[in-house]
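> sequence below, structure please.
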Amino acid sequence: MIVMGILNVTPDSFADGGRHNDFEAAVHRAHEMLEEGVDIIDIGGESTKPGAERVSEAEEFDRVIPVIKELAKSGVRISIDTMRASTARAAIEAGAQIINDVSGGLADPKMLTTAAELQVSYIAMHWRGHSKDMNSLAVYDDVVKDVISELQERISAALDAGITEDKINIDPGLGFAKDAQHNWDIIDSIDQFVAMGYPVLIGASRKRFLGGDNPDEREAATIRLTKRLSTSGIWGVRVHSVKPHKDALKV
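All right, here's what the predicted structure looks like:
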């Protein structure tokens, strides 16, 4: 199971906003993650926390592209966390190898064809709407069945756009248009997502449903969840701290 390290080059991400919000700080944190054994560094320039406002395309470019160009020199695998096809293309040209699209291609109609053209791995997350709207969209008949059905629709759209099956990964989108019980229902049924036949990424790190008022207080719970998922057959976890999760997987 791989450990994907989160690198938010943003002032407003929920768990680490502002900590790595300039070139030097971001590159320094990335090298720390490399020393800790990170498998993939996921670089994002736009917060997707509940209620967050979108940033401009130019701002997103300015935040992430210089960092990607610098880190690509180290040979580390890089994913670009973006909903914009233009940012995804620029990131891949700068040295990233994976597109991590939290909207699953719904936010930008050009995303899926762009990913197909670039012939890179594509992570499609379950998503129902932008951050300012998503809490109101957390309504399901059966959250597991509904999320699987909606992910299947995104997989079909990706295949129709020309993305090959071996390039598609999926993410059930914990915390995105889901309340705490929805998140736990998905975790309890993770085998059904694995059974879909695509590598599954889980991004639970420091999210509110793990408890605690402060995101940093949720790190221990995040590590325990990584341990729980280590035998589930998922592909990877997306986390803020790398070494504790690598250590948990070694144990």
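
> where along the stretch 51-200 of the chain do the helices fall?
Ranges of helices in the stretch 51-200 of the chain, per DSSP state H, counting those that start in this stretch, are 57-72, 85-94, 111-118, 143-161, 180-188, 190-194.

> tabulate these (JSON lines), appending mean pLDDT, mean neighbour count and distance to residue 31.
For glycine as for every other residue, the C-beta is placed from the backbone atoms N, C-alpha and C. Formatted as JSON lines, the helices of the stretch 51-200 of the chain follow (pLDDT from 0 to 100; neighbours: other CB atoms under 10 Å; distance: least, CB to CB, whole Å):
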{"stretch": "helix 57-72", "mean pLDDT": "95", "mean neighbour count": "19", "distance to residue 31": "8"}
{"stretch": "helix 85-94", "mean pLDDT": "98", "mean neighbour count": "21", "distance to residue 31": "18"}
{"stretch": "helix 111-118", "mean pLDDT": "98", "mean neighbour count": "22", "distance to residue 31": "26"}
{"stretch": "helix 143-161", "mean pLDDT": "98", "mean neighbour count": "17", "distance to residue 31": "33"}
{"stretch": "helix 180-188", "mean pLDDT": "97", "mean neighbour count": "17", "distance to residue 31": "32"}
{"stretch": "helix 190-194", "mean pLDDT": "98", "mean neighbour count": "17", "distance to residue 31": "32"}
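
> closest to residue 127 out of these?
Ranking these by proximity to residue 127 (CB to CB) places helix 143-161 first, at 8.4 Å.

> dump the closest one to PDB, restricted to CA.
Extracted C-alpha coordinates of helix 143-161, given in PDB (Å, rounded to 0.1, in the frame of the first residue of the first chain):
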ATOM      1  CA  VAL A 143     -24.500   6.000   0.700                       C
ATOM      2  CA  VAL A 144     -22.400   3.000  -0.300                       C
ATOM      3  CA  LYS A 145     -24.600   2.000  -3.200                       C
ATOM      4  CA  ASP A 146     -25.000   5.600  -4.300                       C
ATOM      5  CA  VAL A 147     -21.300   6.400  -4.200                       C
ATOM      6  CA  ILE A 148     -20.400   3.200  -6.100                       C
ATOM      7  CA  SER A 149     -23.000   4.000  -8.700                       C
ATOM      8  CA  GLU A 150     -21.800   7.600  -9.200                       C
ATOM      9  CA  LEU A 151     -18.200   6.400  -9.300                       C
ATOM     10  CA  GLN A 152     -19.200   3.900 -12.000                       C
ATOM     11  CA  GLU A 153     -20.600   6.800 -14.000                       C
ATOM     12  CA  ARG A 154     -17.300   8.700 -13.800                       C
ATOM     13  CA  ILE A 155     -15.400   5.600 -14.800                       C
ATOM     14  CA  SER A 156     -17.600   5.100 -17.800                       C
ATOM     15  CA  ALA A 157     -17.100   8.800 -18.700                       C
ATOM     16  CA  ALA A 158     -13.300   8.400 -18.300                       C
ATOM     17  CA  LEU A 159     -13.300   5.300 -20.500                       C
ATOM     18  CA  ASP A 160     -15.500   7.000 -23.200                       C
ATOM     19  CA  ALA A 161     -13.000   9.900 -23.200                       C
END
